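[1] structure for this input, please:
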Amino acid sequence: MQWIEFLRPGLVAVGAAALAACASAPWAPSPQPAPLGRADAPAGGACNATAAQAVRGRSADAQTVEQARVSSGARRARVLYPGQVTTKEFDAERLNLDVDAKGVILAARCG
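    Got it, this is the predicted structure:
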């Protein structure tokens, strides 16, 4: 038992150093912006991208994104810029709006 007491401070120091290294790792992904949409949006809204195609060619301002979300029946919407890192999981309740570098909506799709 005495040798464990001798090692304990060293183990604590190594563990703390490992946690600190993980917290400040330069490779850690940057947080993604929260998807647009109201918290009280209807639950279970399966996305229908066809209904949101009317916003193509318009600026992806908050009002237009919300209009597209409501038209599609999606619970959430997100704006995707060129080269933006995104999650790849499919979400049937999410509308994705692909935009160009100027923020003009190029496509509306579900997922």
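[2] counting neighbours, which bits of stretch 57-72 end up buried?
    Using 16 or more other CB atoms under 10 Å as the test for burial, stretch 57-72 gives Arg58, Ala60, Thr64, Val65, Gln67, Ala68, Arg69, Val70, Ser71, Ser72. All C-beta atoms are positioned from the backbone trio N, CA, C, and that covers glycine.
[3] and it, average pLDDT?
    For stretch 57-72, the mean per-residue pLDDT is 95.
[4] what comes into contact with it?
    Residues from elsewhere that reach stretch 57-72 (CB atoms under 8 Å, 6 or more residues apart in numbering): 36-38, 41, 47-49, 51-52, 54-55, 76-77, 79, 95, 97, 99, 103-105, 108, 110.
[5] buried ones only from those residues, please, as a ChimeraX command.
    ChimeraX command restricting the contacts of stretch 57-72 to the buried ones, with burial defined by 16+ other CB under 10 Å:
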select :36,37,41,47,49,52,55,76,77,79,95,97,99,105,108,110
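[6] specify which member of the buried residues of stretch 57-72 is nearest to Val85.
    Relative to Val85, the closest of the buried residues of stretch 57-72 is Ala60; by CB to CB it sits at 17.8 Å.
[7] before we move on, back to that, now, among the buried residues of stretch 57-72, which is nearest to Gly83?
    Ala60 (15.7 Å).
[8] would you say Thr64 is within a strand?
    No - if the criterion is DSSP: H, G, I helix; E, B strand; the rest coil, then Thr64 is helix and not within a strand.
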